[in-house]
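# Sequence and predicted structure, then a few things I'm wondering about:
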Amino acid sequence: MVFYFTSNVVSPPVKLFMGLDKYENEHLIKWGWPEDVWFHVDGLSSAHVYLRLNKGENLDDIHHDVLVDACQLVKANSIQGNKMNDIDVVYTMWENLRKTNSMEVGQVSFHNPKLVRKMRVDKRINEIVNRLNKTKIEVTNPDFQQEREQRDALERQDKKKIIREQKEKEKEERKRLQEQSELRSYSSLHKPENMTSTNYDNNDSDDFM
(Lines give C-alpha, C1' and ligand atoms only; values in the text may rest on other atoms or scores of the structure.)
Protein backbone atom coordinates (compact mmCIF):
# COMPACT_ATOMS: atom_id res chain seq x y z
CA MET A 1 0.00 0.00 0.00
CA VAL A 2 1.18 3.51 -0.82
CA PHE A 3 -0.03 6.75 0.75
CA TYR A 4 -0.36 9.84 -1.43
CA PHE A 5 -0.55 13.36 -0.01
CA THR A 6 -1.23 16.71 -1.66
CA SER A 7 0.87 19.72 -0.79
CA ASN A 8 -1.18 22.75 -1.75
CA VAL A 9 1.29 25.39 -0.58
CA VAL A 10 2.14 25.97 -4.25
CA SER A 11 0.03 26.25 -7.38
CA PRO A 12 -0.48 23.86 -8.97
CA PRO A 13 -0.31 21.54 -5.93
CA VAL A 14 2.31 18.77 -5.82
CA LYS A 15 2.14 15.16 -4.70
CA LEU A 16 4.09 13.51 -1.90
CA PHE A 17 3.99 9.76 -1.41
CA MET A 18 5.43 7.02 0.77
CA GLY A 19 5.22 3.26 1.21
CA LEU A 20 3.37 1.51 4.01
CA ASP A 21 6.44 -0.43 5.13
CA LYS A 22 10.00 -1.36 4.17
CA TYR A 23 8.79 -3.78 1.49
CA GLU A 24 6.86 -1.05 -0.28
CA ASN A 25 9.92 1.15 0.16
CA GLU A 26 11.94 -1.49 -1.63
CA HIS A 27 9.65 -1.29 -4.67
CA LEU A 28 9.84 2.49 -4.63
CA ILE A 29 13.63 2.34 -4.54
CA LYS A 30 13.71 -0.09 -7.47
CA TRP A 31 11.13 1.59 -9.69
CA GLY A 32 11.59 5.26 -8.80
CA TRP A 33 11.70 7.94 -11.48
CA PRO A 34 14.61 10.25 -12.32
CA GLU A 35 12.26 13.09 -11.37
CA ASP A 36 11.73 11.75 -7.82
CA VAL A 37 13.24 13.35 -4.72
CA TRP A 38 13.78 11.04 -1.73
CA PHE A 39 13.41 12.23 1.88
CA HIS A 40 14.40 10.46 5.12
CA VAL A 41 15.19 11.39 8.73
CA ASP A 42 18.95 11.48 9.08
CA GLY A 43 20.32 8.71 11.29
CA LEU A 44 16.93 7.44 12.43
CA SER A 45 14.32 5.02 11.16
CA SER A 46 11.57 6.77 9.22
CA ALA A 47 9.30 6.53 6.23
CA HIS A 48 10.75 7.07 2.78
CA VAL A 49 8.88 10.07 1.42
CA TYR A 50 9.06 11.01 -2.25
CA LEU A 51 8.32 14.18 -4.17
CA ARG A 52 7.91 13.90 -7.94
CA LEU A 53 9.29 16.89 -9.82
CA ASN A 54 8.47 17.94 -13.35
CA LYS A 55 10.85 16.78 -16.05
CA GLY A 56 13.90 19.01 -16.20
CA GLU A 57 13.59 20.25 -12.61
CA ASN A 58 16.14 19.60 -9.87
CA LEU A 59 16.61 20.15 -6.14
CA ASP A 60 17.08 23.88 -6.62
CA ASP A 61 13.59 24.12 -8.13
CA ILE A 62 11.78 22.85 -5.02
CA HIS A 63 9.79 25.60 -3.31
CA HIS A 64 10.84 26.13 0.31
CA ASP A 65 7.30 25.54 1.61
CA VAL A 66 7.14 22.20 -0.22
CA LEU A 67 10.42 21.21 1.43
CA VAL A 68 8.92 22.07 4.80
CA ASP A 69 5.85 19.92 4.05
CA ALA A 70 7.97 16.96 2.98
CA CYS A 71 10.24 17.20 6.02
CA GLN A 72 7.30 17.49 8.41
CA LEU A 73 5.72 14.42 6.80
CA VAL A 74 8.95 12.44 7.20
CA LYS A 75 9.33 13.50 10.83
CA ALA A 76 5.72 12.62 11.62
CA ASN A 77 6.28 9.15 10.20
CA SER A 78 9.37 8.38 12.24
CA ILE A 79 8.75 6.68 15.58
CA GLN A 80 11.82 8.24 17.18
CA GLY A 81 12.03 11.38 15.09
CA ASN A 82 8.43 12.35 15.77
CA LYS A 83 9.20 12.68 19.47
CA MET A 84 12.40 14.66 19.04
CA ASN A 85 13.22 18.27 18.32
CA ASP A 86 16.09 19.56 16.19
CA ILE A 87 16.44 16.66 13.79
CA ASP A 88 17.83 16.68 10.27
CA VAL A 89 16.04 15.39 7.20
CA VAL A 90 18.20 14.36 4.28
CA TYR A 91 17.02 14.50 0.70
CA THR A 92 18.46 13.72 -2.71
CA MET A 93 17.39 12.77 -6.22
CA TRP A 94 16.26 9.17 -6.63
CA GLU A 95 19.08 8.48 -9.10
CA ASN A 96 21.59 9.14 -6.32
CA LEU A 97 20.22 6.26 -4.22
CA ARG A 98 22.52 3.24 -4.11
CA LYS A 99 21.19 -0.25 -3.44
CA THR A 100 23.29 -3.43 -3.16
CA ASN A 101 22.32 -7.05 -2.62
CA SER A 102 24.00 -7.09 0.80
CA MET A 103 21.72 -4.37 2.16
CA GLU A 104 18.65 -5.09 4.23
CA VAL A 105 15.17 -4.59 2.83
CA GLY A 106 14.44 -0.88 2.50
CA GLN A 107 18.02 0.15 3.22
CA VAL A 108 19.89 2.48 0.86
CA SER A 109 23.08 4.49 0.62
CA PHE A 110 24.25 7.09 -1.88
CA HIS A 111 26.33 7.06 -5.04
CA ASN A 112 27.58 10.55 -4.25
CA PRO A 113 27.13 11.83 -0.67
CA LYS A 114 27.93 15.36 -1.88
CA LEU A 115 24.61 15.39 -3.72
CA VAL A 116 22.66 14.83 -0.49
CA ARG A 117 21.15 17.89 1.19
CA LYS A 118 19.94 18.40 4.73
CA MET A 119 17.18 20.46 6.26
CA ARG A 120 16.91 21.09 9.99
CA VAL A 121 13.47 20.49 11.50
CA ASP A 122 13.18 22.21 14.86
CA LYS A 123 9.90 20.66 15.91
CA ARG A 124 6.73 19.01 14.66
CA ILE A 125 4.23 21.49 13.27
CA ASN A 126 0.82 19.91 13.78
CA GLU A 127 -0.90 22.40 11.49
CA ILE A 128 1.17 21.16 8.55
CA VAL A 129 0.94 17.47 9.42
CA ASN A 130 -2.84 17.66 9.90
CA ARG A 131 -3.28 19.52 6.63
CA LEU A 132 -1.34 16.87 4.74
CA ASN A 133 -3.11 13.98 6.49
CA LYS A 134 -6.49 15.37 5.39
CA THR A 135 -5.40 14.84 1.77
CA LYS A 136 -4.12 11.28 2.29
CA ILE A 137 -5.20 8.69 -0.27
CA GLU A 138 -4.41 4.99 0.15
CA VAL A 139 -3.63 2.98 -2.98
CA THR A 140 -3.43 -0.80 -2.64
CA ASN A 141 -0.83 -2.72 -4.66
CA PRO A 142 0.19 -0.01 -7.14
CA ASP A 143 2.19 -1.36 -10.08
CA PHE A 144 5.38 0.70 -9.80
CA GLN A 145 7.06 -1.29 -12.57
CA GLN A 146 4.29 -0.61 -15.07
CA GLU A 147 4.23 3.08 -14.17
CA ARG A 148 7.99 3.36 -14.70
CA GLU A 149 7.87 1.44 -17.98
CA GLN A 150 5.07 3.70 -19.25
CA ARG A 151 7.09 6.75 -18.26
CA ASP A 152 10.17 5.42 -20.08
CA ALA A 153 8.12 4.55 -23.19
CA LEU A 154 6.79 8.11 -23.38
CA GLU A 155 10.31 9.46 -22.94
CA ARG A 156 11.56 7.29 -25.82
CA GLN A 157 8.73 8.56 -28.01
CA ASP A 158 9.62 12.15 -27.15
CA LYS A 159 13.28 11.54 -27.97
CA LYS A 160 12.39 9.94 -31.32
CA LYS A 161 10.16 12.90 -32.12
CA ILE A 162 12.96 15.34 -31.31
CA ILE A 163 15.39 13.37 -33.50
CA ARG A 164 12.90 13.33 -36.40
CA GLU A 165 12.30 17.05 -36.07
CA GLN A 166 16.04 17.73 -35.94
CA LYS A 167 16.67 15.64 -39.05
CA GLU A 168 13.86 17.45 -40.87
CA LYS A 169 15.37 20.82 -39.92
CA GLU A 170 18.78 19.69 -41.14
CA LYS A 171 17.25 18.49 -44.40
CA GLU A 172 15.47 21.83 -44.91
CA GLU A 173 18.68 23.71 -44.12
CA ARG A 174 20.66 21.67 -46.66
CA LYS A 175 17.96 22.36 -49.25
CA ARG A 176 18.03 26.08 -48.46
CA LEU A 177 21.81 26.24 -48.76
CA GLN A 178 21.73 24.33 -52.04
CA GLU A 179 19.10 26.69 -53.45
CA GLN A 180 21.18 29.70 -52.39
CA SER A 181 24.25 28.19 -54.03
CA GLU A 182 22.37 27.53 -57.28
CA LEU A 183 20.95 31.06 -57.23
CA ARG A 184 24.40 32.59 -56.79
CA SER A 185 25.73 30.45 -59.61
CA TYR A 186 22.85 31.48 -61.89
CA SER A 187 23.32 35.15 -61.07
CA SER A 188 27.04 34.90 -61.79
CA LEU A 189 26.42 33.48 -65.25
CA HIS A 190 24.21 36.43 -66.15
CA LYS A 191 26.58 39.20 -65.13
CA PRO A 192 27.53 41.42 -68.13
CA GLU A 193 31.22 40.72 -67.73
CA ASN A 194 30.53 37.02 -67.99
CA MET A 195 28.38 37.30 -71.12
CA THR A 196 29.82 37.18 -74.74
CA SER A 197 28.25 37.83 -78.16
CA THR A 198 28.97 35.92 -81.32
CA ASN A 199 28.80 37.13 -84.95
CA TYR A 200 27.15 34.21 -86.63
CA ASP A 201 27.39 35.42 -90.28
CA ASN A 202 31.20 35.51 -90.14
CA ASN A 203 31.25 38.71 -92.20
CA ASP A 204 33.99 41.12 -91.37
CA SER A 205 32.98 43.70 -94.02
CA ASP A 206 30.02 45.89 -94.80
CA ASP A 207 30.27 45.03 -98.58
CA PHE A 208 27.65 42.86 -100.17
CA MET A 209 27.81 40.72 -103.24
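Received it, and whenever you're ready, just let me know what you need. Residues are numbered from 1 along each chain as shown.

# all strands of this structure, in order?
In the chain, the strands defined using DSSP state E lie at 2-7, 14-19, 36-41, 49-52, 87-93, 97-98, 109-110, 117-121, 137-139.

# What's the separation between residue 67 and residue 14?
11 Å (C-beta to C-beta, to the nearest Å). To be clear about C-beta, it is placed using only N, CA and C from the backbone, and glycine gets the same treatment.

# Next: residue 178.
Residue 178 is 50 Å from residue 14, by C-beta to C-beta.

# so what's the residue most central in space within the chain closest to, chain neighbours aside?
Nearest residue to the geometric centre of the chain (C-alpha atoms, centre = their mean): residue 55, 2.7 Å. Leaving aside its chain neighbours, residue 55 sits nearest to residue 35 (5.9 Å; criterion: C-beta to C-beta, 6 or more residues apart in numbering).

# is it true that the one you found touches residue 54?
Yes: with contact defined as C-beta atoms under 8 Å, residue 35 counts as touching residue 54 (6.9 Å).

# higher neighbour count, these two?
Comparing residue 35 with residue 54 by other C-beta atoms under 10 Å, the one with more neighbours is residue 35, at 18 against 8.

# what sits against that one?
By C-beta atoms under 8 Å, 6 or more residues apart in numbering, the contact set of residue 35 is 52-55, 57, 94.

# now the angle between strand 2-7 and the lowest-mean-pLDDT helix or strand in the chain, please.
Of all the helices and strands that make up the chain, helix 144-189 has the lowest average by mean pLDDT, DSSP states H and E, namely a mean of 83. Helix 144-189 and strand 2-7 are oriented at 60 degrees to each other (axes from the mean of the first three to the mean of the last three C-alpha atoms, to 10 degrees).

# Give me the helices and strands touching helix 144-189, please.
The contact analysis (3 or more C-beta pairs under 8 Å, 6 or more residues apart in numbering; DSSP states H and E) places helix 144-189 against helix 22-30.

# low pLDDT regions in the chain?
The chain contains residues with pLDDT under 70 at 188-209.

# domain parsing for it?
Domain assignment for the chain, taken from automatic domain parsing, gives 2-142, 143-193.

# looking at it, residue 80 is touching residue 42, isn't it?
No: between residue 80 and residue 42 there is no contact under C-beta under 8 Å: 11.6 Å.

# So for the two, which residue has more residues nearby?
A direct count of neighbours by other C-beta under 10 Å for residue 80 and residue 42 places residue 42 higher, at 17 against 13.
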